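Asker: Everything below, folded, please.
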Amino acid sequence: MTLVMMSTTAMPVLQSLHSVTQNASQLIWWAFVLGYSVIWFGFALVASSLQMTISELNLLDANTGLNKTLSAGLLVTAGLYQFSSLKQRCQSECLAPMQFFLRHWRDGVSGGLKMGLRHGVTCVGCCWALMLLAFVGGLTNIWFMVLSAAVMAAEKFPVIGRRLTTPLGVLIIVWGVAVFMSLFSGDGVMHDHLNP
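Answerer: Numbering: from 1, shown residues only. Now for the predicted structure:
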């Protein structure tokens, strides 16, 4: 999951770095890729650990998605994160890779590694909440993963990225509220079971 989503969102910055370093040693490029990958695989390790914990606590339903209570909470959290200043700062660096390199350029292989680590953190900061929605959509649902990767990649396009963030946040919050409301029957009794 992480590899597919990471590769789609990484393409603009890797192409920009290739343009900058095409007359220099490609070791800087590879060092950047290494640093970037370390951050993303660290995120994947945390997400996998979270998945195992959720599974051990019996919080998954038959479709390997979170139960409705946790799904609603995660959806609303991810939707609200779309409006946060941290999301805006991280997205700004992702939307303008050349500006990132102008601001944070470091020479040499160690510089490439440091830039990769920094941009990896920025990219995770931009996408982590959307990626965790895989727990809601179903961890084995390939179409949900493809849709998620497409949305995260679209958020990185300078022309439409910022225009997509706010409506996406609203849509995710509405989805979360709808899931939460589905927990209640007409008599107002909650019908979600933590052990489905």
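
Asker: so Gly73 sits right up against Gly176, yeah?
Answerer: Yes. Assessed by CB atoms under 8 Å, Gly73 is found in contact with Gly176 at 7.4 Å. The way it works is simple: take the backbone N, C-alpha and C, and place the C-beta from them, glycine included.

Asker: Give me the more crowded residue out of these two.
Answerer: When Gly73 and Gly176 are compared for neighbours, Gly176 comes out ahead with 22 against 15, by other CB atoms under 10 Å.

Asker: Find the nearest non-adjacent residue to that one, please.
Answerer: Closest residue to Gly176 apart from its sequence neighbours, by CB to CB, 6 or more residues apart in numbering: Leu75 at 3.0 Å.

Asker: buried ones in the helix or strand where Gly116 lies?
Answerer: Taking DSSP states H and E as the criterion, the element that holds Gly116 is helix 108-132. Across helix 108-132, burial judged by 16 or more other CB atoms under 10 Å covers 109, 111-132.

Asker: biggest helix in this structure, by residue count?
Answerer: Ranked by residue count and defined by DSSP state H, the top helix of the chain is helix 27-56.

Asker: quick one on the thing from earlier: may I have the secondary structure class of the residue nearest to Gly176?
Answerer: Taking DSSP: H, G, I helix; E, B strand; the rest coil as the rule, one finds Leu75 in the helix state.

Asker: my read: it touches Gly169, true?
Answerer: No. Using CB under 8 Å, Leu75 is not in contact with Gly169; the gap is 10.7 Å.

Asker: Name the residue closest to the centre of this protein, please.
Answerer: Cys127 (2.5 Å; CA atoms, centre = their mean).

Asker: Can you tell me, leaving aside adjacent residues, what's nearest to that residue?
Answerer: In space, Cys127 is closest to Met152, 5.1 Å off (CB to CB, 6+ apart).

Asker: could you say which helix or strand contains the one you found?
Answerer: Here Met152 is assigned to helix 142-155, by DSSP H and E.

Asker: Which pLDDT value goes with Val174?
Answerer: We have a pLDDT of 95 for Val174.

Asker: how about the closest residue to it other than its chain neighbours, secondary structure?
Answerer: Spatial nearest neighbour of Val174, excluding adjacent residues (CB to CB, 6+ apart): Gly79 at 7.9 Å. Of the three states, Gly79 takes helix under three-state DSSP.

Asker: When Leu75 and Gly169 are compared, which one has more neighbours?
Answerer: Leu75 (25 against 19).
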